[in-house]
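# Sharing a model that was predicted from the sequence below.
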Amino acid sequence: MNTARVVSLAEALSASVVAVPVTVDDTGAVRSPSLPERVGDIDLPLTWSAEWCRQRGLTASPGSVSALATSSGPLVLLVSVGAAEATPEAWRTVGASLVSRSRLAGGDLGVLMPTDGVAELSQAAEAVVTGVLLAAYEYKRLDPWGECLVAPVGQPLPSVADHDAVTRGVQRANVVAETINWAKRLIDTPAGHATPKELAKKFAQRLGSDPDTGVEIWTESTIREEGLGGLLAVGAGSAEPTRLVYARYRPADATSHVVLVGKGVTFDSGGLSLKPAESMMAMKTDMSGAAIVMATLSAVARLRIPLRVTAIAALTENLTGDRATKPGDVVTARNGTTIEILNTDAEGRVILADALSLAVEANPDVIIDVATLTGAQRVALGDEVGALYATSDDLARALTEAAALAGEPLWQLPLVDSYERHLESDVADLRNIAKGGGAGSITAALFLRHFVGSRPWAHLDIAGPGRSEQTRGYVTKGGTAFGARALVRYLESVASQGTPS
């Protein structure tokens, strides 16, 4: 299921599966004032008793589903949106819960979107479609298994304003969810196919067709001429050539400029500081940050958000060839900072040093980087919450709010200035791992701070939520592209305010 569209009630009722969102009140009874009288051979009363719901396992938990028996017509699914005003996350959960049930039936999924009592109708419609489309993603499957057909329904009949609000939400969900699934597919692609060179081509192919967008691919000769010593050092042990992708979205009506930077290690063996075999199994996803920032730029362009956005992705492999960087080597980053490489498995921050230096030279209002950077982040926050570091409280607040609305929670961690002493090197300006080994996510962020100058900057460490070991709701197993939806929300807020936080 790759797309959704707004249709008439009659067309929605002709789908193979018809979903009816309902509210479960505090007594356990189901109430829905927004129903047609009949679907197939089933009469739909406005209220089902608490006992009826209990017997069928329909509860106030968002996403709880009960199928109605029918001898003809579509499969009818009652799906709970909760006991109170549904949040966007509840609506996304509703969408996700419908996918496994309807996939077995095949064909289209019709969603009867209630218009009564929904405060933010566009937002709710967007959320339920987002849940459907993200949950429907399968890496192994390319062919769609039907459309999501959304019909606004209510008593009295939905107004034109209601219909327009639902349409806006569905259209936005189509753009954003499709872009997220594109990024997830790249993240899930085996590293032997998604090499730096091939990944750069994929980025250029997509963004090259987006409005007001231009893409440059820097080869190793350009990277060397531009002085990106960190990026070259990390890729030195691989036979695959390193790349840097520099993409710009420049609409004529833009008033502000945000640069996004993504870590793109297409496979991370740890280099000569070799990872254990088990730790390498998922390292094809270590380019998630690069896919996320390019997907964010693509979504912003397709939504035609009036904001300049630049996305920079440093792409390389970290392997153990005979030219690999050795522990103790010193490299020079783009901005002239020297870095002592004491652990080649702390490579992400080294390539980001160059990419962030380029970001500063673009003279933006804000810089944000995204990276599956440290195991310490997963230890601190697990696999559902990303770590946020920022040099501006306003920026941190704006990103946290956008992330909460998108269902991609971020938790701000401190940039502890006194920990800078752990990055001191005897032979260079910085060492790439901290002395003592503690506060690994914080010291990695402090390392990156050396390359952003005085501009407002935020760092998203998504090592935990960037990959899921199991499907839960609309988060499918594998790469998640965590943070992309939050960034789109944030960039929309920047455009609407005229100046970034």
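Right, received. Where do you want to start?
# what's the neighbour count on the spatially closest residue to residue 421 that is not a sequence neighbour?
Spatial nearest neighbour of residue 421, excluding adjacent residues (C-beta to C-beta, 6 or more residues apart in numbering): residue 435 at 7.8 Å. Bear in mind the C-beta positions are built from the backbone N, C-alpha and C, glycine included. Each residue near residue 435 was counted by other C-beta atoms under 10 Å, and the total is 14.
# Residue 435 is in contact with residue 422, isn't it?
Yes: the criterion here is C-beta atoms under 8 Å, and residue 435 meets it with residue 422 at 4.6 Å.
# quick one on the thing from earlier: so who does the residue nearest to residue 421 touch?
By C-beta atoms under 8 Å, 6 or more residues apart in numbering, the contact set of residue 435 is 421, 422, 423, 424.
# for residue 319, same thing?
Contacts of residue 319 by C-beta under 8 Å, 6+ apart are 237, 238, 267, 269, 271.
# do residue 172 as well
Residues in contact with residue 172 (C-beta under 8 Å, 6+ apart) are 122, 126, 303.
# Which single one of the contacts of residue 319 is nearest to residue 187?
residue 267 (12.2 Å; C-beta to C-beta).
# quick one on the thing from earlier: looks to me like the residue nearest to residue 421 is in a strand.
No: looking at residue 435 with DSSP: H, G, I helix; E, B strand; the rest coil, it is coil, so not inside a strand.
# For it, give its distance to residue 135.
Taking C-beta to C-beta, to the nearest Å as the measure, residue 435 falls 45 Å from residue 135.
# and if you look at residue 151?
Remark: distance between residue 151 and residue 135 (C-beta to C-beta) = 20 Å.
# do the same with residue 141
Applying C-beta to C-beta, the value for residue 141 to residue 135 is 13 Å.
# related to what we said a few turns ago, which of the contacts of residue 435 sits closest to residue 411?
residue 422 (22.0 Å).
# Show the pLDDT at the residue nearest to that closest one when sequence neighbours are not counted.
Of all residues not flanking residue 422 in the chain, residue 434 sits nearest, at 3.7 Å (C-beta to C-beta, 6+ apart). If you check residue 434, the pLDDT there is 97.
# who touches residue 434 in this structure?
Contact partners of residue 434, counting by C-beta under 8 Å, 6+ apart, are 419, 422, 423, 440, 443.
# Cross these against strands and list the overlap.
Per DSSP state E, strands hold no members of these.
# Counting neighbours, which of the residues you listed comes out on top?
Highest neighbour count within these: residue 443, with 26 neighbours (other C-beta under 10 Å).
# Quick check: the gap between that residue and residue 499.
Residue 443 is 32 Å from residue 499, by C-beta to C-beta.
# Show me which residues of stretch 350-370 are buried.
350-360, 362, 364-370 (16 or more other C-beta atoms under 10 Å).
# Among these, which ones are in strands?
Per DSSP E, the subset of the buried residues of stretch 350-370 in strands is 366, 367, 368, 369, 370.
# ok, of the residues you listed, which one's closest to residue 275?
Nearest to residue 275 out of these is residue 370 (C-beta to C-beta; 21.5 Å).
# Leaving out sequence neighbours, find the closest residue to the closest one.
The shortest distance from residue 370 to any residue other than its chain neighbours is 4.1 Å, reached at residue 289 (C-beta to C-beta, 6+ apart).
# Count the residues that sit near that neighbour.
31.
# how about it, what does it touch?
Residue 289 neighbours (C-beta under 8 Å, 6+ apart): 261, 262, 263, 264, 313, 369, 370, 371, 372, 462, 466.
# The same query, at a cut-off of 10 Å, please.
By C-beta atoms under 10 Å, 6 or more residues apart in numbering, the residues touching residue 289 are 187, 260-265, 313-314, 348, 352, 355, 369-373, 460-462, 466, 481, 483.
# Ends of stretch 465-483, what's the gap?
9 Å (C-alpha to C-alpha, to the nearest Å).
# model confidence over that stretch, on average?
Here stretch 465-483 scores 97 as its mean pLDDT.
# and what of stretch 211-222?
98.
# okay, it in PDB with CA atoms only?
Extracted C-alpha coordinates of stretch 211-222, given in PDB (Å, rounded to 0.1, in the frame of the first residue of the first chain):
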ATOM      1  CA  PRO A 211      11.400  21.200  -7.500                       C
ATOM      2  CA  ASP A 212      14.000  23.900  -6.900                       C
ATOM      3  CA  THR A 213      16.600  21.300  -6.000                       C
ATOM      4  CA  GLY A 214      20.200  20.800  -7.200                       C
ATOM      5  CA  VAL A 215      22.600  18.000  -6.300                       C
ATOM      6  CA  GLU A 216      26.400  17.800  -6.500                       C
ATOM      7  CA  ILE A 217      28.300  14.500  -6.000                       C
ATOM      8  CA  TRP A 218      31.900  15.000  -4.900                       C
ATOM      9  CA  THR A 219      34.300  12.300  -6.000                       C
ATOM     10  CA  GLU A 220      37.500  11.400  -4.100                       C
ATOM     11  CA  SER A 221      39.600  13.800  -6.200                       C
ATOM     12  CA  THR A 222      37.300  16.700  -5.300                       C
END
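# quick revisit: reformat the contacts of residue 319 as JSON lines; add secondary structure and neighbour count.
JSON lines is the format used below for the contacts of residue 319 (DSSP: H, G, I helix; E, B strand; the rest coil; neighbours: other C-beta atoms under 10 Å):
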{"residue": "237", "secondary structure": "coil", "neighbour count": "21"}
{"residue": "238", "secondary structure": "coil", "neighbour count": "22"}
{"residue": "267", "secondary structure": "strand", "neighbour count": "22"}
{"residue": "269", "secondary structure": "coil", "neighbour count": "24"}
{"residue": "271", "secondary structure": "coil", "neighbour count": "27"}
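# Specify which member of these is nearest to residue 39.
The closest of the contacts of residue 319, once distances to residue 39 are taken by C-beta to C-beta, is residue 267, at 50.1 Å.
# picking that back up, now the residue nearest to residue 370: how far from residue 465?
Taking C-beta to C-beta, one finds residue 289 at 12 Å from residue 465.
# Ok, residue 337 next?
In this view, residue 337 and residue 465 are 30 Å apart by C-beta to C-beta.
# Which one of those two is surrounded by more residues?
The neighbour count for residue 337 versus residue 465, taken as other C-beta under 10 Å, is higher for residue 465 (26 against 19).
# follow-up on the earlier one: more neighbours: which of residue 141 and residue 135?
Between residue 141 and residue 135, counted using other C-beta under 10 Å, residue 135 has the larger neighbour count: 25 against 10.
# Was I right to think the more buried one contacts residue 95?
Yes: the criterion here is C-beta atoms under 10 Å, and residue 135 meets it with residue 95 at 6.7 Å.
# what's the overlap in contacts for these two?
177, 473, 474.
# is it true that the first one touches residue 476?
No: counting by C-beta under 10 Å, residue 177 sits too far from residue 476 to count as a contact (11.8 Å).
# Could you check which of those two is surrounded by more residues?
More crowded of residue 177 and residue 476, by other C-beta under 10 Å: residue 177, with 29 against 22.
# circling back to that earlier point, shared neighbours, residue 141 and residue 135?
Shared contacts of residue 141 and residue 135 (C-beta under 10 Å, 6+ apart): residue 103.
# Any buried residues in stretch 175-190, and which?
175-189.
# and what of stretch 437-456?
Across stretch 437-456, burial judged by 16+ other C-beta under 10 Å covers 439-452, 455-456.
# Identify the residue spatially nearest to residue 338, adjacent ones excluded.
residue 428 (4.0 Å).
# Contacts only, for that neighbour.
329, 330, 331, 332, 337, 338, 339, 340, 341, 342.
# so after whichever helix in the chain runs longest, what's the next helix or strand?
Longest helix in the chain by number of residues, with DSSP state H as the criterion: helix 160-188. Per DSSP states H and E, the first helix or strand lying C-terminal to helix 160-188 is helix 196-207.
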